[in-house]
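In: Okay, here's the prediction I keep looking at, along with the sequence it came from:
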Protein chains: 2
Amino acid sequence: VAPASSTSAAGSSAWVITIGDELLRGEIVDSNKSFFSERLLRLDLETARHVSVRDDPAAIEEVAREAVRRAGVVLISGGLGPTRDDITTAVIAHSFGRPLVRHAPSLERMAAYFASVGRTMTENNAKQADFPEGAEVLPNPLGTAPGFMLEIEGALLFCTPGVPRELYRMVDEEILPRIAARQPREGALRAALLRTFGLGESTLDHELRDLAQGDADVQLGFRTQFPDNLVRVVVRARDGGTAERKLAGLVASIRTRLGPLVVGEGEARLEAIVAELLLAKKCTIAVAESCTGGLLASLLTDTPGSSGYFRAGWVTYSNESKLRELGVTADALQTHGAVSEPVARQMAEGVRARAGVDFGLAATGIAGPDGGSEEKPVGTLFVALATERSTEARRYQLMRERARNKTLAAQIALEWMRRALLGYAVPDETIPRMRGVGQ
Amino acid sequence: VAPASSTSAAGSSAWVITIGDELLRGEIVDSNKSFFSERLLRLDLETARHVSVRDDPAAIEEVAREAVRRAGVVLISGGLGPTRDDITTAVIAHSFGRPLVRHAPSLERMAAYFASVGRTMTENNAKQADFPEGAEVLPNPLGTAPGFMLEIEGALLFCTPGVPRELYRMVDEEILPRIAARQPREGALRAALLRTFGLGESTLDHELRDLAQGDADVQLGFRTQFPDNLVRVVVRARDGGTAERKLAGLVASIRTRLGPLVVGEGEARLEAIVAELLLAKKCTIAVAESCTGGLLASLLTDTPGSSGYFRAGWVTYSNESKLRELGVTADALQTHGAVSEPVARQMAEGVRARAGVDFGLAATGIAGPDGGSEEKPVGTLFVALATERSTEARRYQLMRERARNKTLAAQIALEWMRRALLGYAVPDETIPRMRGVGQ
């Protein structure tokens, strides 16, 4: 963390600037700006303006100078790459009368990287080690372009790469701490993020609104990250300890109210939460999938170390494969159809026996757009879970869209697993009816 | 379509402004701006700036006045709703000295809508029928808030609702025709998008640059959509036919130069391209996965109608499941290890025989972050394909990051399938070394 200085970023607002012809041509949707602004809010810093300009020196200089004049914190993303189009560093140096200086440690790091992948470093790449005089270099562990910070006329100016995963990490690890270090400590801010599954944004708002009402020091925010809905709780108090206690009380109230609809806290998604539980309880799992087509297995193997709990998966898309691989009976297929509770049960039991695991988890359904009938419309889903003691199965009705149905079906199956590991009852049939989602 | 007037939007550039506190808090990712800009490009109109401001009269007035001074076309979205926060219309009227005038047909339409849904129209809603004097009202068939157009100081200013589906329709049906009607007809623009896999952005640029050099009527643009790299070709000519012929010639030249590295044209991704080929050739496929953990099956089942070619998938994460389910031999596992060419071959052959399909496709590797050795570091991948005639296998070296390795391994396996279906040789070991990707 950088030392405190005379720069006061607190109380002022931020401008976020993104640079690139591709943005102004509409070739990509720019999510960097909303990421920046959401993160700045955690430091109680409001964003006053988002601006995007082309890879054009005059435009970049104009907007950077205006931003530094009007905002306490300026974030600029994009244009730090090795190509001719990447001019941000040079333009910022020129705009604020700072000569470019080569930064030896960055050059060495880059040279080592190129050597490690057996490539030659060109002068194009070397320019990524040039920074305006007086800049503090911000390391980029995920790419070749470091970022940098300048203090100009009382403002903090940060330049970052435009590649989302690189800038996300740089913002969290390098930029937010530097801004926080310069904020006068007038009261403390603490925040928590609760991840819920099964209620829509507006329902959440309605259910929880009274917890913050009449208290200017508590803020509740809601946002959707399909199929999850997130609740952000922000508390301000005179000191950190008080804020933490107040936050803990609020989080406990929300958890009591929502029960198992809160699937976790923080950025970890449901598959990571389930992975952690499986590892902690030393349980093994195998899956049998039809409508999710491999997505359930893929989510369960996204977490490093997944071979500790995940043994095998079967994507039994055809009836024959259900029969042959999982021991689903011809009778069940004929009498009830491949999308049915008896078949889901047999798939779960079959996969559990076959793989010799603690949990056999199965999903069979109609993802769409075709294949629906009056009795079993598109979006029909059966989930089943076989354990040492018993097998449970249940029917759900999802939506009409294939991609969302795959995602939602896999999420419901994961939620079965989470609840089973925590001793909750299986999710009831209202769980996919997330009011507010998909509207 | 409005009559031509003295306003000349052609040759000038556009500013796109979006309004709303939720944007500046990062609560939503703003896709309206990229939509607008992409649509404007079809009229050969470049966007010079994207700006977002809060629901604040001074900020809206400032940026609207600046935009009208500097751009030929100004699009403003958001703030036309019925709530107190929705102030765009009033601010625009004030900014340009136009009193608000109630538009009787809009009011009638709104009253009829409220009557039809059995609700009472309030004065809040009625304000949505107020427009600045001289405005042309733009109907909104999908919502209660019409848009409007003003001609100010030689610029065209359009205000639209912020709800994406409402504004998409308004742009296409009301706004683009009005802009086009004012453009002098000087030439036609045609564009193509080529999807490549296996070369980085900068290499592509280098390989193709001379095709556009010295020709002001040809533009090549490059962008990454991991793991693909896209080339956009834009051609201008005196008429549509000439532009189309010239574009076709350029696309053919690029295809000749890059050969199988061009995987397709347009927005369809590799999995959709492979799905289409499998369906067209009436071929069936089954997959055996280790490091991709179900992702390969999931991609192959993302396309509607995938049961027409996809039969079954095995995610054989453990050695036992490879042995038992796919007939991989204990000898191969012991002698060569689970991540080896012989095991990849046996997986592909095993899955082909087991599922009774035309193609058995297998991937085994070390996704990371753990599990690597000196001989087989993280990122080691073997892909194998078994067909009626033979089995081929090959080793690749991917990167260090688990998530990207899963994605890249699945993509390489899909690329094997595409090339096999088209009669190309399998991708060589340079295919994952996409210079430029990940920078």
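Out: Sure thing, it's come through.
In: Can you name the residues of the stretch 201-350 of chain A sitting close to chain B?
Out: Applying the criterion C-beta under 8 Å from any C-beta of the partner chain, the portion of the stretch 201-350 of chain A that neighbours chain B consists of A:221, A:223, A:287, A:289, A:292-302, A:304-307, A:310-318, A:320-321, A:325. Glycine gets a C-beta too; all of them are placed from N, C-alpha and C.
In: mind pulling up the phi and psi values for the residue nearest the centre of chain A?
Out: Taking C-alpha atoms, centre = their mean, the centroid of chain A lies closest to residue A:267, which sits 6.0 Å from it. Note on residue A:267: its backbone torsions stand at phi -80, psi -20 [degrees, to the nearest 10].
In: what sits against residue A:160?
Out: Contacts here follow C-beta atoms under 8 Å, 6 or more residues apart in numbering or on different chains; on that basis residue A:160 touches A:75-77, A:80, A:138, A:147, A:166-167, A:170-171, A:175.
In: rewinding a little: just checking, which of the residues of the stretch 201-350 of chain A next to chain B belong to strands?
Out: Applying DSSP state E to those, the entries found in strands are A:221, A:223, A:287, A:289, A:310-316.
In: What residue in the stretch 301-439 of chain A comes nearest to chain B?
Out: The stretch 301-439 of chain A approaches chain B most closely through residue A:301 (2.9 Å), counting by C-beta to the nearest C-beta.
In: can I assume that residue is in contact with residue B:290?
Out: No - proximity of residue A:301 to residue B:290 does not meet the contact threshold set by C-beta atoms under 8 Å, at 9.4 Å.
In: Name the residues contacting each of the two.
Out: Common neighbours of residue A:301 and residue B:290 (C-beta under 8 Å, 6+ apart) are B:315, B:317.
In: Name the spans of chain A whose pLDDT lies under the cut-off.
Out: A:1-11, A:185-186, A:433-439 (pLDDT under 70).
In: Just want to check the distance between the residue nearest to the residue of the stretch 301-439 of chain A closest to chain B when sequence neighbours are not counted and residue A:27.
Out: Leaving out its chain neighbours, the residue that sits closest to residue A:301 by C-beta to C-beta, 6 or more residues apart in numbering or on different chains is residue B:293, at 2.9 Å. In this structure, residue B:293 and residue A:27 are 31 Å apart, going by C-beta to C-beta, to the nearest Å.
In: Pick out whichever of the two has more residues nearby.
Out: Each of residue B:293 and residue A:27 had its neighbours counted (other C-beta atoms under 10 Å in any protein chain shown), and the higher figure belongs to residue B:293 (29 against 19).
In: For the more buried one, grab phi and psi.
Out: phi 60, psi 30.
In: For it, list the residues it contacts.
Out: Applying C-beta under 8 Å, 6+ apart, one finds that residue B:293 lies in contact with A:297-298, A:300-302, A:306, A:310, A:313, B:315, B:317, B:367, B:406.
In: cutoff 6 Å now
Out: Under the criterion of C-beta atoms under 6 Å, 6 or more residues apart in numbering or on different chains, the neighbours of residue B:293 are A:297-298, A:301, B:315.
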